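>>> Kindly return the folded structure for what I paste below:
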Amino acid sequence: MKTLVVIYIMLFAVSSYAYGEEIQFNTSADLKSWCKNESAEYFLAKDKTPFNWSASEWNEGNIINVKGSWKVGVVEFVVKCRVRKGLQEKQAVISIAEKRKAVKESFDSSYAGDELQLNSSADLRLWCKNKSEKYFLAKDKAPYNGASSWRNEGNIINIKGSWKVNSMEYMVKCRVRKGLKEKYAVISIEEK
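Predicted structure coming up:
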């Protein structure tokens, strides 16, 4: 019964919001409310019931940001919304992603102190992704939209990738000779 009441309340809130006039974002509270409603609607459309919404908001000049989270079952999702003050909802950006554990924990525990031997492009790609993500997390920055490609030059494996951090894009390059341990791998991270 409680679940149905929550769903009904959420559907009522979402539907009344959806048929109203288009929202103009003048305050962070405007975006926070919109972000909550849009993300709830996303989960409800997938027949999933989100709960435990929490969010924080901040301004970067004339850009309003909201970062929130929902629980869906036992999984936590991160919701990020962003828009310039004064714009309408069709210009707002929203992203919803499953929350991941910190790379530092998953990467370090996987190898339990042993150095990883890099035998293939898949090995270097994983190493490069984890090391570069760990680099940003150590600076309290959350990278997103990671992408990479690889190529071999004889015995040398090359990975070229990128991350977005806030509004900046960073190029990541990793290189190692096949079969060597990770301490011989080279990584460079540069702003694009």
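
>>> In this structure, where is pLDDT below threshold?
The model of the chain has pLDDT under 70 over residues 1-20, 100-114.

>>> just the strands in it please.
Here the chain has its strands, by DSSP state E, at 50-60, 63-72, 75-84, 93-98, 117-118, 144-153, 156-165, 168-177, 180-181, 186-191.

>>> so which of these gets nearest Cys35?
For the strands of the chain, proximity to Cys35 was assessed by C-beta to C-beta; strand 75-84 is nearest, at 3.7 Å. Where C-beta positions appear, they are placed from N, C-alpha and C, glycine not excepted.

>>> Next, the angle strand 50-60 makes with that closest one.
Taking axes from the mean of the first three to the mean of the last three C-alpha atoms, to 10 degrees, one finds strand 75-84 and strand 50-60 inclined to each other by 30 degrees.

>>> pull the CA atoms of strand 75-84 into PDB?
Provided in PDB are the C-alpha atoms of strand 75-84 (Å, rounded to 0.1, in the frame of the first residue of the first chain):
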ATOM      1  CA  VAL A  75      21.300   0.100  -6.400                       C
ATOM      2  CA  GLU A  76      22.200   3.800  -6.000                       C
ATOM      3  CA  PHE A  77      21.900   6.100  -9.000                       C
ATOM      4  CA  VAL A  78      23.600   9.500  -9.400                       C
ATOM      5  CA  VAL A  79      21.600  12.200 -11.100                       C
ATOM      6  CA  LYS A  80      23.300  15.300 -12.500                       C
ATOM      7  CA  CYS A  81      21.500  18.300 -13.900                       C
ATOM      8  CA  ARG A  82      22.900  21.500 -15.300                       C
ATOM      9  CA  VAL A  83      21.500  24.700 -17.000                       C
ATOM     10  CA  ARG A  84      22.300  28.300 -17.400                       C
END
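
>>> Counting neighbours, which bits of that strand end up buried?
Across strand 75-84, burial judged by 16 or more other C-beta atoms under 10 Å covers Phe77, Val78, Val79, Lys80, Cys81, Arg82, Val83.
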